[in-house]
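1. coordinates only, sequence not included:
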């Protein structure tokens, strides 16, 4: 019984980590939107490039998993918004 509980808890922990990652993709446009719109001269270059990387990862996620997502449209419309 103890092994089953440990296996179950491990499975739940892995599921929660994956959910946190996915939720993060949904928050990217809100978190980095202003930074991207202001351009690379408004913040340190490494911070701006980190924001670009976050957007790229999120776009790839939505293209693969939910190509009809409003979030995908929000992400690919930067910086023109």
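-> Arrived safely, thanks for sending. Note that the structure is predicted; figures quoted are calculated from it, not measured. Numbers count the residues shown, from 1 in each chain.
2. distance of the most centrally placed residue in the chain from residue 9?
-> Against the mean C-alpha coordinate of the chain, by C-alpha atoms, centre = their mean, the closest residue is residue 25 at 2.2 Å. As judged by C-beta to C-beta, to the nearest Å, residue 25 and residue 9 stand 25 Å apart. Backbone N, C-alpha and C define where each C-beta goes, glycine included.
3. same deal with residue 63?
-> Per C-beta to C-beta, residue 63 is found 33 Å from residue 9.
4. These two: who's more crowded?
-> Ranked by neighbour count (other C-beta atoms under 10 Å), residue 63 and residue 9 place residue 63 first, with 13 against 10.
5. Run through the residues that contact the more buried one.
-> Counting by C-beta atoms under 8 Å, 6 or more residues apart in numbering, residue 63 touches residue 72.
6. Can you name the secondary structure element that comes next after the strand or helix carrying it?
-> Per DSSP states H and E: residue 63 is located in helix 45-65. Downstream of helix 45-65, the next assigned helix or strand under DSSP H and E is helix 70-76.
7. Give me the mean pLDDT for that following helix.
-> Per-region confidence: helix 70-76 scores 85 on mean pLDDT.
8. Which parts of that helix count as buried, going by neighbours?
-> 71, 72, 74, 75 (16 or more other C-beta atoms under 10 Å).
9. The first one against residue 29, yeah?
-> Yes. Under the criterion of C-beta atoms under 8 Å, residue 71 lies in contact with residue 29, with a separation of 6.2 Å.
10. what sits in contact with each of the two?
-> Counting by C-beta under 8 Å, 6+ apart, the residues touching both residue 71 and residue 29 are residue 58.
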